[in-house]
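K.L.:
quick check, what structure comes out for this input:
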Amino acid sequence: MYTVPKLDDYSPAALDRAVADLFAALDAETAALHSDSDWKALRDRWLARKNGVLTQVNDTWLKAAPKEAKRDVGQRVNELKARAEAAIEGAHEKIHASSSDAKLAAERLDITLPGMQRPIGTKHPVLRVQDEIVAVFQAMGYSVGEGPEVETDYYNFESLNFPPNHPARDTQDTLFIAGQDSKPARDRLLLRTHTSPVQIRTMERQPPPVRIVIPGKVHRNDPLDATHSPVFHQVEGLAVDTNITFCDLKGTLDHAMKALFGSSVKTRFYPSFFPFTEPSADMQVSCIFCGGKGCRKCKFSGWIELLGCGMVDPNVFEFVKHNGYDSSKVSGFAFGMGVERIAMLKYGVEEIQLFYEGDVRFLEQFA
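P.N.:
Next up, the predicted model:
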């Protein structure tokens, strides 16, 4: 490492030798650089204002030079400074150039090599079944409706004929948005518990006749177990026109189930209750695993409960009466089914959690 010597002889020949030694040391040190950190150390050692080599040259050579030699020594010191700065800057550019070359070499693409095939994803089994259900009803002339997942109490409950004290309004079933105590009850926000609010929204925009199928995500405060999830998917349907009867409902759903599970599937209906339909029914299909003979899947009954349905309650039409839904002139039916339940039946999946765990080994079975 170069150290600035003291000069006893200030003759031109002695100055030439001293300058040549300094330049040789500078060239040797710049040639030995390999990284930015090396370069920064060199820069600080040579150019630092307090104790850099050039500062030492100025103090040791110029200030100590006799009066008659100061001019010659000053010129040489200026030349030294200019050359040292240029050499150090050149070394910096060389380091960057070499690192860029190394990076380019590492990233060089050999176009003769075979390409890397990216794995192609596939539709999630729940969404696949949802699309299958929707396609069945589209083939029957139904349009597809969508609506917000964050709903008001009015659309989720009130306009669907849920009385104020109905259990579904309890926070144990419904997930309400916090901090809304100052709002009127009908304006309070919640995560929709069914896709039925889209029925009301559709009837507000479109006068009868209406035939619409509504797929979407819904939320309920249910504990996660083998058959329940706080987030799941539904497909609901609504048909409103003149002279629609329960027979139309049964025929529509029977055709849909045969399209989904095969022509040998049978359906049956038995009374139930839903606030927005009257009369209401639950629909069962003959067990798709045993053909109705009875097995563990159907609890040896031969039937599997699949969905709820019914004729639209006239009280629901009252909320959209201004748009042509006069219950004395039109009638309609509605139905709703859980997509995960149908997916579990179609694919023989016993626990609903498997659809949401993101286990690629499970999902690859449906690719």
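K.L.:
could you check how far Val349 is from Asp248?
P.N.:
With the distance defined as C-beta to C-beta, to the nearest Å, Val349 ends up 33 Å from Asp248. From N, CA and C alone the C-beta is placed, and that goes for glycine too.
K.L.:
kindly apply the preceding question to Glu158 instead.
P.N.:
Plainly put, Glu158 is 27 Å away from Asp248 if you go by C-beta to C-beta.
K.L.:
walk me through the domains of the protein.
P.N.:
Residue ranges for each domain of the chain read 12-107, 125-366, as given by automatic domain parsing.
K.L.:
among those, which is the most enclosed?
P.N.:
Of all the domains of the chain, domain 125-366 has the most neighbours on average by mean count of other C-beta atoms under 10 Å, namely a mean of 17.
K.L.:
start to end distance for that one?
P.N.:
End-to-end distance for domain 125-366, by C-alpha to C-alpha, to the nearest Å: 6 Å.
K.L.:
and stretch 215-226, by the same measure?
P.N.:
Between the opening and closing residues of stretch 215-226 we find a distance of 23 Å, counting by C-alpha to C-alpha.
K.L.:
where are the low-confidence patches of the protein?
P.N.:
The model of the chain has pLDDT under 70 over residues 97-109, 168, 171-172.
K.L.:
and the domains of the chain: which comes nearest Gln117?
P.N.:
Gln117 lies closest to domain 125-366 among the domains of the chain, at 16.2 Å (C-beta to C-beta).
K.L.:
where do the strands sit along the stretch 251-367 of the chain?
P.N.:
With DSSP state E, counting those that start in this stretch as the definition, the stretch 251-367 of the chain shows strands at residue ranges 267-274, 277-286, 303-312, 331-338.
K.L.:
quick one: which of those is nearest Ala91?
P.N.:
Closest to Ala91 of these is strand 331-338 (C-beta to C-beta; 71.4 Å).
K.L.:
which helices and strands sit right next to the closest one?
P.N.:
Using 3 or more C-beta pairs under 8 Å, 6 or more residues apart in numbering; DSSP states H and E, the elements in contact with strand 331-338 are strand 231-241, helix 246-261, strand 277-286, strand 303-312.
K.L.:
using JSON lines, lay out these together with distance to Phe362.
P.N.:
Listed next are these as JSON lines, based on distance: least, C-beta to C-beta, whole Å:
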{"stretch": "strand 231-241", "distance to Phe362": "17"}
{"stretch": "helix 246-261", "distance to Phe362": "22"}
{"stretch": "strand 277-286", "distance to Phe362": "25"}
{"stretch": "strand 303-312", "distance to Phe362": "23"}
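K.L.:
what's the closest of those to Ala343?
P.N.:
Smallest distance to Ala343 across these (C-beta to C-beta): 8.9 Å, for strand 231-241.
K.L.:
that closest one packs against which elements?
P.N.:
Taking 3+ C-beta pairs under 8 Å, 6+ apart as contact, the helices and strands that strand 231-241 lies on are helix 125-138, helix 197-205, strand 210-219, helix 246-261, strand 331-338, helix 339-347.
K.L.:
rerun that using 6 Å as the cut-off
P.N.:
helix 125-138, strand 210-219, strand 331-338, helix 339-347 (3 or more C-beta pairs under 6 Å, 6 or more residues apart in numbering; DSSP states H and E).
K.L.:
Provide the strand pairings for that strand, with the direction of each partner.
P.N.:
For strand 231-241, the paired strands and their directions (DSSP bridges) are strand 210-219 (antiparallel), strand 331-338 (antiparallel).
K.L.:
okay, the angle between the longest one and helix 246-261?
P.N.:
Inter-element angle recorded for strand 210-219 and helix 246-261: 60 degrees (by axes from the mean of the first three to the mean of the last three C-alpha atoms, to 10 degrees).
K.L.:
tell me the gap between strand 210-219 and the middle of its chain.
P.N.:
Relative to the centre of its chain, strand 210-219 is centred 22 Å away, using C-alpha atoms, centre = their mean, to the nearest Å.
K.L.:
what do you get for the last one?
P.N.:
Averaging C-alpha positions (C-alpha atoms, centre = their mean) puts strand 331-338 31 Å from its chain's average.
K.L.:
mind exporting the C-alpha coordinates of that strand to PDB?
P.N.:
Taking C-alpha atoms only, strand 331-338 is exported to PDB below (Å, rounded to 0.1, in the frame of the first residue of the first chain):
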ATOM      1  CA  SER A 331     -97.500 -15.800 -10.100                       C
ATOM      2  CA  GLY A 332     -94.100 -17.400  -9.800                       C
ATOM      3  CA  PHE A 333     -91.900 -20.000  -8.200                       C
ATOM      4  CA  ALA A 334     -88.400 -19.800  -6.600                       C
ATOM      5  CA  PHE A 335     -85.900 -22.400  -5.600                       C
ATOM      6  CA  GLY A 336     -82.400 -22.500  -4.100                       C
ATOM      7  CA  MET A 337     -79.700 -25.100  -3.800                       C
ATOM      8  CA  GLY A 338     -76.300 -25.300  -2.200                       C
END
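K.L.:
give me the angle between it and strand 277-286.
P.N.:
50 degrees.
K.L.:
contact partners of strand 331-338?
P.N.:
For strand 331-338, the surrounding residues in contact (C-beta atoms under 6 Å, 6 or more residues apart in numbering) are 234-240, 244, 249, 277, 307-309, 311-312.
K.L.:
and those residues, which two are furthest apart?
P.N.:
If you compare every pair in the contacts of strand 331-338 using C-beta to C-beta, the most distant one turns out to be Gln234 and Ile244, at 21.8 Å.
K.L.:
now render the strands paired with strand 231-241 as a markdown table, adding distance to Val53.
P.N.:
As requested, the strands paired with strand 231-241 are exported to a markdown table (distance: least, C-beta to C-beta, whole Å):
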| stretch | distance to Val53 |
| --- | --- |
| strand 210-219 | 72 |
| strand 331-338 | 81 |
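K.L.:
kindly list the longest helix within this protein.
P.N.:
Longest helix in the chain by number of residues (criterion: DSSP state H): helix 70-107.
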